[in-house]
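Asks: What would the 3D arrangement of this be:
(2 chains)
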Amino acid sequence: MQTVKSLLITYAILCAGSPSLQAEVKTYDFEDPKGVNNVSFLLDAPLESISGNAKGVSGIVTFDSANPNAVSGNITIETASLTATNNKLQEHMLGKGWLDAASHPVITFVAKKISKIEELKDGFKAQLTGDFTLKGVAKELTVPVTFTYLPDMLGKRSNGAMEGDLLVLRSTFTIKRSDYGIKPGQNLDKVADEIELRLAIAGAAPDA
Amino acid sequence: MADPQRIKSSPLRLILRILALVLILVSTAFWISTGSHTGFSKDRVEIPQVDPITQIEYVDYEERFVMGVEFLALAYGLGVTSFGLSFAFRRKPN
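Replies: Prediction:
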């Protein structure tokens, strides 16, 4: 507890000295018309590993650069946006036996608390705890997250249409499909239980 | 002096052997031309991209078929079977 407190004090002092990290609560919208925000998945299988990507990412994160401890928000992924390189594989993956995209159209992560904050050059990294819901099953997860601030970069990204800041979130973590009721203990010779998820998303906070 | 006995090959025997050769050659050529992919077939190909502003790495997909080893194995299997079947059609003395 003492360590967390001292880290937060150190962070607050650092923020006070850094113009880019001046105190301001901002809400970042992760809706991405450019199709850059993505979550990729990777799992072991015979012959070659199975990988794919999801681009239907949206969500809102409220963030105070001077008080990262108060971060809150949620990220949503449209299940049907999961894409694999093989049509048959994709059909199976989204089908009733596996992710059942028709009945469970979204995968969500709702942030609850943040810990182990470490200052970086242009942001910080931390452990983010929240509820991860997949196929209707919610489980609390603590995942490593890197927050990167890109102040005044929204204008450049939107070709001058909007001014504001960008916040980039990156996280890599592993889940077990069996924890979410996805064929627990079945087909392990074809599809591994552990699935690595890599999230790389940017949110925009336009100037008021 | 009588000619030595001429042996006539069964046309089916020849057809099956040509078919085996064509299957193996064409499948190998197609597999090589689509990238000699050693995994399963792909219906789309990932093109890695990097967003210049956020440096986020992402992929775009190009809708293109890449032949995998399962099709190659199937073609080779059919080729070998066709070649094997050809032995069932013996040469006939003329």
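Asks: Near the closest residue to B:Y61 other than its chain neighbours, how many residues? Count them for me, please.
Replies: In this structure, B:Y61 finds its nearest non-sequential neighbour in B:R44, 4.3 Å apart by Cβ to Cβ, 6 or more residues apart in numbering or on different chains. No exception for glycine: its C-beta is placed from N, CA and C like everyone else's. Using other Cβ atoms under 10 Å in any protein chain shown, B:R44 has 19 neighbouring residues.
Asks: Tell me the residue of chain A that sits nearest chain B?
Replies: A:E48 (3.5 Å; Cβ to the nearest Cβ).
Asks: which residues sit in contact with the closest residue to that residue other than its chain neighbours?
Replies: Using Cβ to Cβ, 6+ apart and skipping the chain neighbours, the partner closest in space to A:E48 is B:G39 (3.5 Å). Residues near B:G39 by Cβ atoms under 8 Å, 6 or more residues apart in numbering or on different chains: A:47-48, B:68-69.
Asks: Narrow those to those in strands?
Replies: The strands, defined by DSSP state E, take in nothing from the contacts of B:G39.
Asks: Can you go through these and name the buried ones?
Replies: Applying 16 or more other Cβ atoms under 10 Å in any protein chain shown to those, the neighbour count classes B:68-69 as buried.
Asks: what would the contacts of B:G39 look like in JSON lines with pLDDT?
Replies: Below are the contacts of B:G39 laid out as JSON lines (pLDDT from 0 to 100):
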{"residue": "A:L47", "pLDDT": "73"}
{"residue": "A:E48", "pLDDT": "81"}
{"residue": "B:G68", "pLDDT": "94"}
{"residue": "B:V69", "pLDDT": "94"}
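Asks: Format the contacts of B:G39 as TSV; extra columns: distance to A:R170.
Replies: Output for those, formatted as TSV (distance: Cβ to Cβ, whole Å):
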residue	distance to A:R170
A:L47	30
A:E48	25
B:G68	32
B:V69	34
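Asks: Kindly indicate which of the contacts of B:G39 lies nearest A:K176.
Replies: A:E48 (20.9 Å; Cβ to Cβ).
Asks: is it true that that closest one touches B:S41?
Replies: No: the pair A:E48 and B:S41 does not pass the contact test of Cβ atoms under 8 Å, sitting 11.0 Å apart.
Asks: quick revisit: next, the contact list for the residue nearest to B:Y61, please.
Replies: Counted by Cβ under 8 Å, 6+ apart, B:R44 has contacts A:83, A:85, B:61-64.
Asks: Same check on A:K34?
Replies: So A:K34 contacts A:157, B:51 (Cβ under 8 Å, 6+ apart).
Asks: part of a strand, is it?
Replies: No: counting by DSSP: H, G, I helix; E, B strand; the rest coil, A:K34 is located in no strand; its state is coil.
Asks: which SSE is the spatially most central residue of chain B in?
Replies: Per Cα atoms, centre = their mean, the C-alpha nearest to the average position across chain B is that of B:S27, at 2.0 Å. B:S27 belongs to helix B:11-33 when assigned by DSSP states H and E.
Asks: Next, the buried residues of that helix.
Replies: B:13, B:16-17, B:19-20, B:23-24, B:27, B:31.
Asks: now do stretch B:36-50
Replies: Of the residues in stretch B:36-50, those buried (16+ other Cβ under 10 Å) are B:37, B:39-46.
Asks: Helix, strand, or coil at the residue in chain B that chain A sits nearest to?
Replies: Here chain B gets closest to chain A at one residue, B:G39, 3.5 Å apart by Cβ to the nearest Cβ. Following three-state DSSP, the label given to B:G39 is coil.
Asks: And it, its phi and psi?
Replies: When read as degrees, to the nearest 10, the backbone of B:G39 gives phi -100, psi -160.
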